[in-house]
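Asker: from the sequence below, what's the structure:
(chains A and B)
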Amino acid sequence: MNEQPLNRPAADDAPDEVVLSARHVAKSFGSVHALKSVNFDIHRGRVTTLFGENGAGKSTLMKILSGVIQPSSGEIILDGRPVSFASTVDAQRHGISIIHQELSLAPNLSVRDNIFMGRELGGPGGVNYAEEARQTKALMAELDEPIDPLTPVEDLRLGQQQIVEIARALSVNSRILIMDEPTSALSASEVEVLFRVIRDLKARGVSIVYISHHLEEALTITDHAVVLRDGTMTAHGRRDEIDLEWIVRNMVGENFDLGSPPTGHRMGEVALSLEDISIADVAVPERSVVDHLSLQVRAGEIVCIYGLMGAGRTELLECAAGRVPMSGGRVVLEGVDVSQLSIAERIARGLVLVPEDRQRDGLVQTMSVGQNLSLASIGAFTRWLMTSSRREQGVIRESIGNVHIKTDGPEASIGSLSGGNQQKVVIGKMLATHPQVVLLDEPSRGIDIGAKAEVFRLLAEGASKGLAVVFSTSELGECLSVAHRVVVMSRGRIAAEFGADVTREEIMAASGEAVVA
Amino acid sequence: MSDISQTASGEQSRKGRGSFDLGRMLLEGRAFFALIAIIIIFSILSPVYFTTNNMLTMSSHVAIFGLLSLGMLLVILTGGIDLSVGSTLGLSGMVAGFLMQGVTLESAGVTLYFPVWAVVILTCALGAFVGAINGILIAWFRVPAFVATLGMLYVARGAALLMTNGLTYNNLGGSPELGNTGFDWLGFNRLFGIPVGVLIFAAVAIVLIFVLNRTPFGRWIYSTGGNSRAAELSGVPVKRVQVLVYVLSGVCAAIAGLVLSSQLTSAGPTAGNTYELTAIAGVVIGGAALTGGRGNVRGTLLGAFVIGFLSDGLVIIGVSSYWQTVFMGAVIVLAVLLNSIQYRGRKKSAKPASGSGSASPQSGTTGG
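Answerer: You can find the predicted model right below:
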């Protein structure tokens, strides 16, 4: 991780040959402009890194390049000719492959079967396994990772699995390889192996499009940087023209006002106290994702937990809410140990969680907006085992008004709402239970900047009425908004704690993300 | 990004709904229109079909697997399946028959004769017990619902056969001096000219309409089937809900067993064989989604009547039983086909969210 950026590519004098370029590429979803007229080039045998905060448009751009979605306007020029990809298969035919953050391997199948999945080599006697194995062996040898072709993928370490993905991409003669956060789940030594493979690929003329939140780490491998912010390209440059500060400056830009910490109210007693919490890793029980962590939050206080992916934020919050079992420690809510209580009992005592993935954990898609809003507070409108429709409508109307949901009415389907309004439904649902402590895991994920500001205003409003708020984020800008206190998490521990007057540089330094020289 | 694309297509489908209301209405009311069509067609083909007497006879047939369908609906709404209901029906009938014969206690040298109400309660308790085993296996031990209830299908049927070595209890009448008469009242007799079995079926349906629409438990069932993870994080006791729906399904099967034995005035160990499939068909024809979260009692009632009135109609006009089987199969597939057309809009919009092969929230809920 602390490796110095040694491999500056400027050494070779050959001018960089442009393989693929995007010209005025734009993409909108309904009225939301995810990408606005983006221009950039991918050079042969070079690593082009996309920098940008969550929601800046990196993943949209990547999906366009790999044929997952089609741009609303603009064109993609491959080898001087405009092309359009109808599907990922189509993009692959043109030599463009993508390796997603979540690997798309079948863990039950062998390395060989994964590499040839969907395009098995035929022969007179069925699949020609011998030839497949031979080619697999050759590929793995090229990548300096001599794994037996018959090893089941589930027996491989994550880093090795990633290399199998790369091998699969190479086996279809990919010239452009898009890698989305390839290092987020890798150990330091596995990152070394991956970077060596990337350098090998470069030497063979393969172009890499690299996306990562680890700025410093990404810089060690980058040749060209492209920075996106709110769907526009704000800057681009060669490695020898740029440094970390330049990236951060262009990533964050003029800050949209996400509010400031609410003042003027008296902070109360400690509402939530996490004491010496440890959580074991599900995959590797000996390892801890959260490691003896303690945190106290007072009534009326807003605490922001900043950390990269894999820092243990989600696990910590889910554990406090009762979703994830802990291997050690106590959760104390207003002086009472709630560690043994169920999720429902914790909600009843005033401790609620707004989960990170609202599609998977937050919303019931088969139910209406109103039914989703009232789901967590059914008890409040139940009398003698019966729900009262009149009381329920009251709860729903109050929630819609409190969190300002734009909807056709309580009967509207959840799918008819925008991402921001869906998020407000999840928040409104939990606030309708009248909690003392609300935990929010990445509340701004995938919502636009306006909705983001509104969500933070809601939090500030709640805190000024005595609510204790804990929210997690991986965006620096959000730490500097409504939080009274910023806690930086790294590898399951609290790396640093700051007041509201913290700067971006301090947070980044503490998270191990970057050291600004 | 995924959320935004979902919104976009959600809006599209809403706009689409306005443009062809008639097609939408026919699609959503398909079970109802199918039932009307069946009644009209068979009334034309046979003069005896549309008579009060025949309607009541057919309804008492419908009541049996209709009761199973209602229990099955609860299970399917949570995203599960209960294959054991046919066997539970058979076992319940046998246990009721056994209790009606009197239980001899060897040690005390006495024979206990239970009044009919006690037989009914004990039999329902047996159904609840069978369902509880299913539910606990599924909710707490994470056995897939299909496998757990398939196992129970065999175990319960085997137990029913073991009770009499495959023989049938023919004497369910009881005798006045023992105070255990009245078993025939459950299904064989009529009240206000309507078979009691049909009235029981209607009563269970009304109770379930109330439970699903008016109680927290009903809301919990829908949310568990729609997205069990979200339901759990909202404080819904998902595991308890899962166990309870199987218990209720077992009780419904036990009630069906009692009604059937009373209708036939005998209890045989093979009663209700393959009825679980008819029950599932009724729920599916009624518009419920096997992935959970969608469906209602009204639809299931219609589905049960469609199956019952169709198969009895085919018998009345003299179609061979082999052709009946073919017809039934075609109707079921057609129903599921229409289901997927109705829900396709939403499924499609969920696809981009799942990206590259990661599980969609819906498929996630079917596992538990």
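
Asker: now name the helix or strand holding residue A:398.
Answerer: helix A:389-403 (DSSP states H and E).

Asker: any residue of whichever helix or strand comes after that helix touching chain B?
Answerer: Next helix or strand after helix A:389-403 toward the C-terminus (DSSP H and E): helix A:419-431. Yes - counting by C-beta under 8 Å from any C-beta of the partner chain, contacts between helix A:419-431 and chain B involve A:419, A:422, A:429, A:430. Glycine gets a C-beta too; all of them are placed from N, C-alpha and C.

Asker: remind me which residues of the stretch 1-150 of chain B are low pLDDT?
Answerer: B:1-21, B:24 (pLDDT under 70).

Asker: re the thing from before, buried residues, the helix holding residue A:398. List them.
Answerer: Neighbour-count burial for helix A:389-403 flags A:392, A:395, A:396, A:399, A:400, A:402, A:403 (criterion: 16 or more other C-beta atoms under 10 Å in any protein chain shown).

Asker: pick out whichever of the residues of helix A:419-431 next to chain B sits closest to chain B.
Answerer: residue A:419 (3.3 Å; C-beta to the nearest C-beta).

Asker: using a markdown table, lay out the buried residues of helix A:389-403 together with pLDDT and distance to residue B:247.
Answerer: Formatted as a markdown table, the buried residues of helix A:389-403 follow (pLDDT from 0 to 100; distance: C-beta to C-beta, whole Å):
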| residue | pLDDT | distance to residue B:247 |
| --- | --- | --- |
| A:392 | 85 | 27 |
| A:395 | 85 | 30 |
| A:396 | 87 | 31 |
| A:399 | 85 | 33 |
| A:400 | 87 | 36 |
| A:402 | 83 | 38 |
| A:403 | 83 | 38 |
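
Asker: closest one of the residues you listed to residue A:83?
Answerer: Lowest distance from residue A:83 to those (C-beta to C-beta) belongs to residue A:403, with 44.5 Å.

Asker: excluding its backbone neighbours, what's nearest the closest one?
Answerer: Of all residues not flanking residue A:403 in the chain, residue A:428 sits nearest, at 4.0 Å (C-beta to C-beta, 6 or more residues apart in numbering or on different chains).

Asker: that neighbour reaches residue A:400, doesn't it?
Answerer: Yes - under the criterion of C-beta atoms under 8 Å, residue A:428 makes contact with residue A:400 at 7.2 Å.

Asker: mutual contacts of those two, please.
Answerer: residue A:373 (C-beta atoms under 8 Å, 6 or more residues apart in numbering or on different chains).

Asker: quick check: residue A:130 is in a strand.
Answerer: No - counting by DSSP: H, G, I helix; E, B strand; the rest coil, residue A:130 falls outside a strand, being helix.

Asker: before we move on, the earlier item: ok, the buried residues of helix A:389-403 vs chain B, which is closest?
Answerer: Looking across the buried residues of helix A:389-403 and measuring by C-beta to the nearest C-beta, the closest to chain B is residue A:392, at 9.4 Å.

Asker: look up the closest residue to that closest one, ignoring the ones flanking it.
Answerer: Residue nearest to residue A:392 in three dimensions, not counting chain neighbours: residue A:381, with 4.5 Å by C-beta to C-beta, 6+ apart.

Asker: okay, now residue A:163: neighbour count?
Answerer: Number of residues near residue A:163 (other C-beta atoms under 10 Å in any protein chain shown) recorded here: 23.

Asker: got it, and residue A:335?
Answerer: 9.

Asker: any idea how far chain B is from it?
Answerer: Noted for residue A:335: a distance of 22 Å to chain B, by C-beta to the nearest C-beta, to the nearest Å.

Asker: how close does that residue get to residue A:462?
Answerer: Taking C-beta to C-beta, to the nearest Å as the measure, residue A:335 and residue A:462 are separated by 21 Å.

Asker: can you give me the helices in the stretch 401-517 of chain A?
Answerer: A:419-431, A:449-464, A:476-479, A:504-511 (DSSP state H, counting those that start in this stretch).

Asker: which secondary structure elements does the last one contact?
Answerer: Contacts defined by 3 or more C-beta pairs under 8 Å, 6 or more residues apart in numbering or on different chains; DSSP states H and E place helix A:504-511 against helix A:244-252, helix A:476-479, strand A:485-490, strand A:493-499.

Asker: OK, contacts around the spatially most central residue of chain B?
Answerer: Against the mean C-alpha coordinate of chain B, by C-alpha atoms, centre = their mean, the closest residue is residue B:69 at 1.6 Å. Residues in contact with residue B:69 (C-beta under 8 Å, 6+ apart) are B:278, B:279, B:280, B:282, B:283, B:286, B:300, B:303, B:304.

Asker: in a helix, it, correct?
Answerer: Yes - membership of residue B:69 in a helix is supported by three-state DSSP.

Asker: and it, how far is that from residue B:76?
Answerer: Distance, residue B:69 to residue B:76, by C-beta to C-beta: 9 Å.

Asker: residues shared between the contacts of the two?
Answerer: B:280, B:283.

Asker: what pLDDT is listed against whichever residue of the stretch 101-250 of chain A sits closest to chain B?
Answerer: Residue nearest to chain B within the stretch 101-250 of chain A (C-beta to the nearest C-beta): residue A:104, separated by 4.8 Å. At residue A:104, the pLDDT value in this model is 79.
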